[in-house]
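In: Just to be clear, the model below is a prediction. Sequence and coordinates:
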Amino acid sequence: MSTNRRTRSSLELLWGGDIPPSRGPQPSLSIAKIAAAAIGIADEEGIEAVSMQRVAGRLGYTAMSLYRYVPGKDQLIDVMCDVALGPPPPADPSTTDWRIGVDRLVAANLAVYARHPWLVQVSVSAPPLGPNHLAWFDALLRQFAGLGLQEAEMVHLAMFISSAVRDLARISIELAHTPERTGISVEEMGEGFTLALRRVADGERFPALARVAAAGVFDPNELPYNDIRPSLDFGLQRLLDGVDGYVRARLTDAGH
């Protein structure tokens, strides 16, 4: 199926609601039930375990019954992703601080990825299509609406933040599953990394790496080895600091 045909059929499913088959008896299946069953399989076994046959079996139907509602697996995954993402958290009426709003959305987004880790494994093949994906993007854009940024700048910032959150979540999830995927324990991975540092982190060839290693940055601590929150929090706050400075400089240049 071409990309355009897939996009059109996915849009119909995401926005058109449940459309009953035009022929034959009206069964008790629905797009919502099909998506819920598929999400259940993905949560338990990963996205690679999802197939029309597996979903149909979980629901007690044949695969052909599903095709009366969903054209194929690609469209099913599009619907699954939007349903699993769910709506963004409502705005907090107790604060108008845009940075707090961004932090809340980022934390909520990470929580979604923790509940449905397969979401970060689905390749991004099109702009957001579903109502929930667009609602999250709109919620992030609204945090920047009163800052004085141009509309294109708001979009660039929202894209950067959402992409950084997704990719760091993907790295964390992949690291968490490394032991079961490879048979290498967390301790063995740590030992391997320590050995690698000893080989490459010399002061001449890798001076910056040697400095942070000597400072104990890579030493074991109480945090899980796959915890990306310190990196995400630091990077996000410095990004927002930059936006603050950028906006203030623009206002100064404009004579405000």
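Out: Looks like it arrived, so ask away. Numbering: from 1, shown residues only.
In: Domain parsing of the protein, as residue ranges.
Out: The record's domain parsing of the chain by automatic domain parsing lists 3-85, 98-176+226-253.
In: Let me have the ones you listed in CSV, adding distance to Leu195, mean pLDDT and mean neighbour count as columns.
Out: Where you see a C-beta, it was placed from the backbone N, CA and C, and this is true even at glycine. What follows is those, written out as CSV (distance: least, Cβ to Cβ, whole Å; pLDDT from 0 to 100; neighbours: other Cβ atoms under 10 Å):
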stretch, distance to Leu195, mean pLDDT, mean neighbour count
domain 3-85, 31, 86, 16
domain 98-176+226-253, 18, 94, 16
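In: Out of the ones you listed, the one nearest Ala215 is which?
Out: The minimum distance between Ala215 and the domains of the chain falls on domain 98-176+226-253, with 14.5 Å, by Cβ to Cβ.
In: so how far does that closest one reach from one end to the other?
Out: By Cα to Cα, to the nearest Å, the extent of domain 98-176+226-253 from end to end equals 22 Å.
In: Tell me where the chain has helices.
Out: Counting by DSSP state H, the segments of the chain that form helices are 3-16, 31-45, 52-59, 63-67, 73-85, 98-115, 131-143, 151-176, 178-182, 186-200, 207-214, 229-253.
In: which one of those lies closest to Leu223?
Out: helix 229-253 (7.3 Å).
In: from the chain's centre, how far out does the closest one sit?
Out: The chain centroid and the centroid of helix 229-253 are separated by 22 Å under Cα atoms, centre = their mean, to the nearest Å.
In: Dump the helices of the chain into JSON lines; add distance to Ala91 as well.
Out: Shown next, in JSON lines, are these (distance: least, Cβ to Cβ, whole Å):
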{"stretch": "helix 3-16", "distance to Ala91": "24"}
{"stretch": "helix 31-45", "distance to Ala91": "26"}
{"stretch": "helix 52-59", "distance to Ala91": "35"}
{"stretch": "helix 63-67", "distance to Ala91": "37"}
{"stretch": "helix 73-85", "distance to Ala91": "18"}
{"stretch": "helix 98-115", "distance to Ala91": "7"}
{"stretch": "helix 131-143", "distance to Ala91": "8"}
{"stretch": "helix 151-176", "distance to Ala91": "16"}
{"stretch": "helix 178-182", "distance to Ala91": "38"}
{"stretch": "helix 186-200", "distance to Ala91": "39"}
{"stretch": "helix 207-214", "distance to Ala91": "39"}
{"stretch": "helix 229-253", "distance to Ala91": "18"}
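In: how about those, which one is nearest Val122?
Out: helix 73-85 (5.8 Å).
In: Summarise which helices and strands that closest one is packed against.
Out: helix 3-16, helix 31-45, helix 52-59, helix 98-115, helix 131-143 (3 or more Cβ pairs under 8 Å, 6 or more residues apart in numbering; DSSP states H and E).
In: Of the helices of the chain, which is nearest Ser125?
Out: Of all the helices of the chain, helix 3-16 sits nearest to Ser125, with 7.4 Å by Cβ to Cβ.
In: ok, back up a step: for Ser123, find the nearest of the helices of the chain.
Out: In terms of Cβ to Cβ, the element of the helices of the chain nearest to Ser123 is helix 73-85, at 9.6 Å.
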